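1. My questions are about this predicted structure, shown below with the sequence.
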Amino acid sequence: MTTTRRKFLSTGALAGAAALAAPAVRAQAAPIKWRLQTYAGAALGEHVVKPAIDSFNKIAAGQMEIELYFADQLVPTSELFRAMQAGTIDAVQSDDDSMASPTEVTVFGGYFPFGLRYSLDVPVLFNQYGLKQIWEEEYAKVGIQHISAGSWDPCHFATKDPINSLADLNGKRVFTFPTAGRFLAQFGVVPMQLPWEDINVALQTGELDGVAWSGITEDYTSGWADGAPYFLSNNISGAWIGHFFANADRWAEVPDHLKELMRVVFDQSHYYRQWWYWGGEADLRVNGPKMKLTSIPDAEWATVETAAHAFWDEIGAESELKAKVVEIFKKYNDTMTKAGRPYRYS
């Protein structure tokens, strides 16, 4: 068959144009795989972290996948920091205190006694009072990327026997956070550290007299309401400070758009917890069938709050950075008190 010059040029031009118009085809790269372990057991993790991880994996659409592990599944909670730093796991959801973080800010994670009244205090302190920058800088020193901070529930006692006075706390073996336990020891509380999944059995066998680890929502969700049916309405903090962290080297390997996606879904997770806990705490106090509310008189409980402020000064005296963070807490709480209702009530 004879091909004319005109036909050759015509078909060649069309082929060339088609080649230029066609998008480049890239081989699908293997997805980035991360392992994230949370401080929370499976029942609690269904609310405080799983929705965020599921959402991230869905939106990432095969480019990245985060595998979720609950409390103590890969490493004990007290070893979470070291495992993340070593790269054994890629990311963690926890407070600083219970994962034994070797930083200057560790004592302020979890429940810093009487530092917070409401859950909204946490994002304000981090985003408007400078804690975000401090946390990022401190963790960068030890090879960890601080991704975000958020609030969880308040800290109340759930006990096997009713608590109606400070004297009733004396000698009680209580599962709590390290810093909270250090503070509560002056009132006769015996702080206990156990694996999260062992708490129910410890309540049943009498190894524990109670927990000061959460609000009433987690008492029900975690099953502690069955073994510790008395809920003390006085609390030592209005919100728990928890975070998402990552190994800095693993974080650096993630493309910018996936980093941004991670921040967005983790922020959504913080928002979810705010309304889940806020509504749940009130509803279960009023309608929960398993726990009976008790209280310590306000005048007597005020001595605990006074002791907390002395504890702040004790912490602040330990280092220049701790003193800086304590001053931020003082300034913030002073502003909220002066602002009056609804920020603070007398």
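-> Done, it's in.
2. Now do the contacts for the closest residue in space to Y220 that isn't next to it in sequence.
-> In space, Y220 comes closest to L284 once its chain neighbours are excluded; the distance is 5.8 Å by CB to CB, 6 or more residues apart in numbering. For glycine as for every other residue, the C-beta is placed from the backbone atoms N, C-alpha and C. By CB atoms under 8 Å, 6 or more residues apart in numbering, the residues touching L284 are 216-217, 219-220, 291.
3. Tell me if R35 really is in a strand.
-> Yes. Assessed with DSSP: H, G, I helix; E, B strand; the rest coil, R35 lies in a strand.
4. can you pull up the bridge partners for it?
-> Using DSSP bridges, the bridge partners assigned to R35 are E67.
5. what's the neighbour count on it?
-> Applying other CB atoms under 10 Å, we find 19 other residues in the vicinity of R35.
6. That one is in contact with Y69, isn't it?
-> Yes. Counting by CB atoms under 8 Å, Y69 is a contact partner of R35 at 6.4 Å.
7. Now do the buried residues in stretch 335-343.
-> For stretch 335-343, the neighbour count (16 or more other CB atoms under 10 Å) marks M336 as buried.
8. scratch that, stretch 274-293 is what I was asking about
-> Along stretch 274-293, these residues count as buried under the neighbour rule (16+ other CB under 10 Å): 274, 276-278, 280-281, 284-285, 288, 291.
9. any idea which of those residues is the one closest to G188?
-> M291 (22.8 Å; CB to CB).
10. ok, now how distant is that closest one from P154?
-> Per CB to CB, to the nearest Å, M291 is found 15 Å from P154.
11. same check, this time on K58
-> To P154, K58 is 32 Å away according to CB to CB.
12. Which of these two has more residues huddled nearby?
-> A direct count of neighbours by other CB under 10 Å for K58 and P154 places P154 higher, at 23 against 9.
13. Go ahead and confirm the more buried one touches T217.
-> No. The pair P154 / T217 is not scored as a contact, 9.6 Å apart, by CB under 8 Å.
14. joint contacts of the two?
-> Common contacts of P154 and T217, defined by CB under 8 Å, 6+ apart, comprise E281.
15. quick revisit: intersection of neighbour lists for R35 and Y69?
-> The overlap between the contact sets of R35 and Y69 (CB under 8 Å, 6+ apart) consists of I89.
16. quick revisit: and the buried residues of stretch 274-293, which of them are in helices?
-> Counted as lying in helices by DSSP state H, out of the buried residues of stretch 274-293, are 274, 276-278, 280-281, 284-285.
17. Poorly predicted segments of this protein, please.
-> Applying pLDDT under 70 to the chain picks out residues 1-28, 346.
18. got the residue ranges for the strands in it?
-> Taking DSSP state E as the test, the strands found in the chain are 32-38, 64-69, 91-94, 144-151, 155-159, 173-176, 190-192, 210-214, 230-237, 241-247, 292-294.
19. which one of those strands lies closest to Y343?
-> Closest to Y343 of the strands of the chain is strand 144-151 (CB to CB; 15.4 Å).
20. which other helices and strands contact the closest one?
-> helix 80-86, helix 121-128, helix 131-140, strand 241-247, helix 248-252, helix 256-287 (3 or more CB pairs under 8 Å, 6 or more residues apart in numbering; DSSP states H and E).
21. partner strands of it, parallel or antiparallel?
-> Under the rule (DSSP bridges), strand 144-151 has strand 241-247 (antiparallel) as partners.
22. Check the offset of the strand it pairs with from the chain's centre.
-> With CA atoms, centre = their mean, to the nearest Å as the basis, strand 241-247 stands 7 Å off its chain's centre.
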